[in-house]
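> the following block contains a protein sequence and its predicted model.
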Amino acid sequence: MEMRRKEMTGKKRTRNVVWIIVVVLILGVLGGFGIKAYKDYQKEEARKKEAARIKKLQEQAKLNKDQISIEIRGTYNLKLNGAEGRVTWSSANGAIARVDEKGVVTGVSEGNTVVTATYLKKKYPVKVTVTMPRVMQDDGKKVVYLTFDDGPSPKTAQVLDILKNNGVHATFFVTGMDLKSADLMKRAVDEGNAVGAHTYTHDYKYVYSSENNYFDDLNKILKHIKDVTGKETKIIRFPGGSSNTISRKYSQGIMTKLTQEVLAKGYQYYDWNLSSGDAEWPAPSVESIVHQATNTKQTKVVLLMHDTNAKQTTVDALPQIIKFYKDNGYEFRSLDNSDIISHHHINN
């Protein structure tokens, strides 16, 4: 009997221990849930507090302008006043206006776009209007820009002699087709002329087959210019001009894309508003070139000529062309030292 009583007591104690363990486990689980809930609450409160802090910072940040109007090549420094952290800037259309990391907006071409400041994930848009500079409009001042494409060649040396003897400067849009004459690019720059990029190969089929081909070729001629002259250039001329239609044979719409992309990358392309006609074949006479190169009443003249080795008649006509513009009161300038923009209508 005593033995049975002790057995019952042992079982009771065992049950009590089990219940205690169960209770402890239940309380532990409940406590765990409570601790987790409390931690979640703390996290949520911290999130709300941080959100309120960020919102306050966003609200105190103010643009110095919410819309601006600048001229092509003009600049304006946008600022996000009150911002205490990193501000990033972007342009919706870099072909119209580009913006640097400091908020400096530069007009590229005529049109409208939006520049946006981003701060703490909030966007602050600025309407940007880019207009044609007054200097590009007809201010009555006569200026002529002599330009030569497709060189350098041995004829380039003769052209440089004539320019130097007459005390005037020109712009040379060069290729890599005659590497033996490459040093003439340095002479041109040293004598105060401008050198721009025309393409390295001047191969229409290649450069106009794709955007990648064009920029691969452009980068090659830009490097070549830098290697030879020691100076970088940001001025370019498309083979055939931006209005060319031959590019349609190789890629539909490529000129529309390229003209926008070169501007967005910080380059300026130049067409012409008067041609000497010296690209025709067979080569026109000296008299014909002089006539076409001077047959204008425009006050701002961007004159197209060529200085490949086949252009002797162009060389022979040049002194008369220079004399005409001097006699008629024109100032001679190079395109890298000018505010003029000469763009054709895009046909592809």
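Okay, I see it.

> so, low pLDDT: which residues of this structure?
The chain contains residues with pLDDT under 70 at 1-38, 40-41, 133-138, 337-339.

> ranges for the helices of it?
2-60, 154-166, 183-190, 204-207, 211-229, 254-264, 286-294, 312-327 (DSSP state H).

> which one of those helices lies closest to K300?
Closest approach to K300 among the helices of the chain is made by helix 312-327 (11.9 Å; Cβ to Cβ). C-beta coordinates here come from the backbone N, C-alpha and C atoms, glycine included.

> what angle do the closest one and helix 154-166 make?
Per axes from the mean of the first three to the mean of the last three Cα atoms, to 10 degrees, the angle that helix 312-327 makes with helix 154-166 is 20 degrees.

> got the angle between helix 312-327 and helix 286-294?
40 degrees.

> mind jotting down where the strands sit in the stretch 101-250 of the chain?
Listed in chain order, the strands of the stretch 101-250 of the chain (DSSP state E, counting those that start in this stretch) span 104-107, 111-119, 122-131, 143-149, 171-174, 194-197, 235-236.

> what's the neighbour count on E280?
12 (other Cβ atoms under 10 Å).

> thinking again about what came up before, of all the strands of the stretch 101-250 of the chain, which lies closest to I346?
Ranking the strands of the stretch 101-250 of the chain by their distance to I346 (criterion: Cβ to Cβ) puts strand 111-119 first, at 13.6 Å.

> quick check: buried residues in the closest one?
By neighbour count on 16 or more other Cβ atoms under 10 Å, the buried set for strand 111-119 is T113, V114, V115, A117, Y119.

> and which of these is nearest to T245?
The shortest approach to T245 among those belongs to T113, at 28.1 Å (Cβ to Cβ).

> so the closest one touches V128, yeah?
Yes - when contacts are counted by Cβ atoms under 8 Å, T113 is listed as touching V128 (5.2 Å).

> backbone dihedrals for the most centrally placed residue in the chain, both of them.
By Cα atoms, centre = their mean, the chain has its centre lying nearest to K265, at 2.0 Å. Phi and psi for K265, reported as degrees, to the nearest 10, are phi -80, psi 0.

> now do the contacts for it.
G94 (Cβ atoms under 8 Å, 6 or more residues apart in numbering).

> K62 bridge partners, please.
Under DSSP bridges, the beta-bridge partners of K62 are N81.

> quick check, it in contact with K79.
No - between K62 and K79 there is no contact under Cβ under 8 Å: 9.1 Å.

> between those two, which is the more surrounded one?
Set side by side, K62 and K79 show more neighbours around K79, with 15 against 12, by other Cβ under 10 Å.

> who's in contact with the more buried one?
L63, N64, G103.

> what about 6 Å?
Applying Cβ atoms under 6 Å, 6 or more residues apart in numbering to K79 gives the contacts N64, G103.

> would you report the backbone torsion angles of it?
With angles defined as degrees, to the nearest 10, K79 sits at phi -140, psi 150.

> any idea how far it lies from K205?
To K205, K79 is 48 Å away according to Cβ to Cβ, to the nearest Å.

> so what sits opposite the closest residue in space to W272 that isn't next to it in sequence in the bridge?
Excluding its sequence neighbours, the residue lying closest to W272 (Cβ to Cβ, 6 or more residues apart in numbering) is L304, at 3.9 Å. The residues listed as beta-bridge partners of L304 by DSSP bridges are T147, S275.

> from the structure, what's the count of residues near L304?
25.

> out of the strands of the stretch 101-250 of the chain, deepest packed?
Mean neighbours per residue, mean count of other Cβ atoms under 10 Å, is largest over the strands of the stretch 101-250 of the chain for strand 171-174, with a mean of 28.

> pull the CA atoms of stretch 298-312 into CSV?
Taking Å, rounded to 0.1, in the frame of the first residue of the first chain, the C-alpha atoms of stretch 298-312 are listed here in CSV:
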residue,chain,number,x,y,z
GLN,A,298,24.0,86.7,-96.9
THR,A,299,25.7,88.4,-94.0
LYS,A,300,26.8,85.1,-92.4
VAL,A,301,28.4,82.8,-94.9
VAL,A,302,29.6,79.2,-94.2
LEU,A,303,31.4,78.4,-97.4
LEU,A,304,32.0,74.8,-98.4
MET,A,305,35.2,73.9,-100.3
HIS,A,306,37.5,70.9,-100.5
ASP,A,307,41.3,70.4,-100.2
THR,A,308,41.9,66.9,-101.6
ASN,A,309,44.8,66.5,-103.9
ALA,A,310,42.5,66.7,-106.9
LYS,A,311,41.3,70.2,-106.1
GLN,A,312,43.9,72.4,-107.8
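
> distance from the chain centre to it, please.
27 Å (Cα atoms, centre = their mean, to the nearest Å).
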